[in-house]
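Colleague: What follows is a protein structure lacking sequence information:
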């Protein structure tokens, strides 16, 4: 088995001697979250014991998902609100 400072021959031959297995794990989780997969699902796939561990490690992806969700709801409700056709008004206390 190669030492931690040397690359396995196949990795080096592919020009990926900089890539570590843990990098692939991190990319896997990040891509899943970025594509909208649930945090709990990613937690289970990674084998984390708590959802907090997953959120603390990969939480940097979640703000982008929140912005996408806000944009999505704006696409649905924005035109209706602007035309006065929404069932509630932005100033209502209890939509």
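Modeller: In hand now; what should we look at? Everything numeric here is computed off the predicted structure, so don't read it as measured data.
Colleague: Now do the helices in the protein.
Modeller: Along the chain, counting by DSSP state H, helices occupy 9-13, 21-34, 39-46, 51-58, 62-82.
Colleague: what's the neighbour count on residue 54?
Modeller: For residue 54, the neighbour count with other Cβ atoms under 10 Å is 21. For the C-beta atoms, the positions are set from N, CA and C on the backbone; glycine is no exception.
Colleague: Contacts only, for the closest residue to it other than its chain neighbours.
Modeller: Spatial nearest neighbour of residue 54, chain neighbours left out: residue 43 (4.1 Å); criterion: Cβ to Cβ, 6 or more residues apart in numbering. Neighbour list for residue 43: 50, 51, 53, 54 [criterion: Cβ atoms under 8 Å, 6 or more residues apart in numbering].
Colleague: burial measure for residue 74, as a count.
Modeller: Counted with other Cβ under 10 Å, residue 74 comes out at 11.
Colleague: and it, how far is that from residue 67?
Modeller: Here residue 74 is placed at a distance of 10 Å from residue 67 (Cβ to Cβ, to the nearest Å).
Colleague: thinking again about what came up before, and the contacts of residue 43 as TSV, adding pLDDT?
Modeller: Conversion of these to TSV gives the following (pLDDT from 0 to 100):
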residue	pLDDT
50	96
51	94
53	95
54	94
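Colleague: Just the buried residues out of the residues you listed, in PyMOL syntax.
Modeller: This is the PyMOL syntax for the buried subset of these, where burial follows 16 or more other Cβ atoms under 10 Å:
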select buried, resi 54
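Colleague: Could you pull up the contacting residues of the spatially most central residue of the chain?
Modeller: Here the mean C-alpha position of the chain is nearest to the C-alpha of residue 33 (Cα atoms, centre = their mean), at a distance of 2.3 Å. By Cβ under 8 Å, 6+ apart, the contact set of residue 33 is 39, 42, 58, 61, 62, 65.
Colleague: need those in TSV with neighbour count and pLDDT, can you?
Modeller: TSV is the format used below for the contacts of residue 33 (neighbours: other Cβ atoms under 10 Å; pLDDT from 0 to 100):
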residue	neighbour count	pLDDT
39	20	93
42	22	96
58	20	88
61	18	78
62	13	78
65	15	76
